[in-house]
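> What shape does this take:
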Amino acid sequence: MSPGRLRVALFASAVLLGLSVGCAESAPPAASPPVPSEASEPPPRESRPGHLEGRNYALDYPPRWKVVDEPTVPGVDVQMVEGGGVPGVAPTVTVASERGFEGSFESGVNLFELGPISAVPDRKILARRPVRVEGAQEALLIDQRGTQYVRDGRAISPDEMRPGDEPTTRRQWTVLALSPEGVAMNMAMAAPADEFRANRPEFQQIVDSLALRP
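Below is the predicted model:
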């Protein structure tokens, strides 16, 4: 596999973030490979309440959402959870990005939609729509739904399932975006399906505020 093709695969398959698992220790590496970030780059910082600023992107988020000190998904830039909830169980937003992306946007989208199916076998894509992201040459919002299993308030992977585990249906928006300078980003906004409508205005606020950095 060429370096460019590898970058496409890592970017695109990186996160069924909200629909796979909520804890890094339970995430099977093959099911949700992380997007690489530059090792020396610090995570986005809160430059004012409700605003994250980083080298690759900036975004606003509702004040009642909390930035997770130690993200539960490996390889992401930042993770936020509604109130003081449990990431991957409560409504959760996770963002991953990289610079120097060499693949085409179309290839990245195709790879994201095709895999990794093993993480969420019943994943269904409900809709796709272009979105405007400041600084991006192309951006797409993918609306999807799938089953997640929870044990003792913790999201678990399909590999960990056993009798008595509680299935929950989660719905997720994923925004994939690419800038002319090769800044690639995917952002997942997920919630239990019966709560998604209530969270949708806040998810839309985050999408509308998103900007990629050259």
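
> drop to CA atoms for contacts and neighbour counts, all remaining ones
Will do.

> Over to Leu111: give its phi and psi.
For Leu111, the backbone dihedrals (degrees, to the nearest 10) come out as phi -70, psi -40.

> Per-residue pLDDT of it, please?
In this prediction, Leu111 carries a pLDDT score of 82.

> okay, now it: neighbour count?
Leu111 has 17 neighbours, counted by other CA atoms under 10 Å.

> and the gap between it and Gly103?
The gap separating Leu111 from Gly103 is 11 Å, by CA to CA, to the nearest Å.

> continuing past the helix or strand bottoming out on mean pLDDT in the chain, what's the next helix or strand?
Sorted by mean pLDDT, DSSP states H and E, the helices and strands of the chain end with helix 3-13, the least confident at a mean of 39. Downstream of helix 3-13, the next assigned helix or strand under DSSP states H and E is strand 45-48.

> Now do that next one, average pLDDT.
For strand 45-48, the per-residue pLDDT averages 74.

> Which strands border whichever helix or strand comes after it, and is each parallel or antiparallel?
For strand 45-48, the following helix or strand on the C-terminal side (DSSP H and E) is strand 51-53. Using DSSP bridges, strand 51-53 pairs in its sheet with strand 45-48 (antiparallel), strand 57-60 (antiparallel).

> what about the longest helix in this structure?
helix 193-209 (DSSP state H).

> need the next SSE after it, C-terminal direction.
Counting by DSSP H and E, the element after helix 193-209 in chain order, helix or strand, is strand 211-212.

> Are there helices or strands packed against that next one, and which ones?
With contacts taken as 3 or more CA pairs under 8 Å, 6 or more residues apart in numbering; DSSP states H and E, strand 211-212 sits against strand 57-60.
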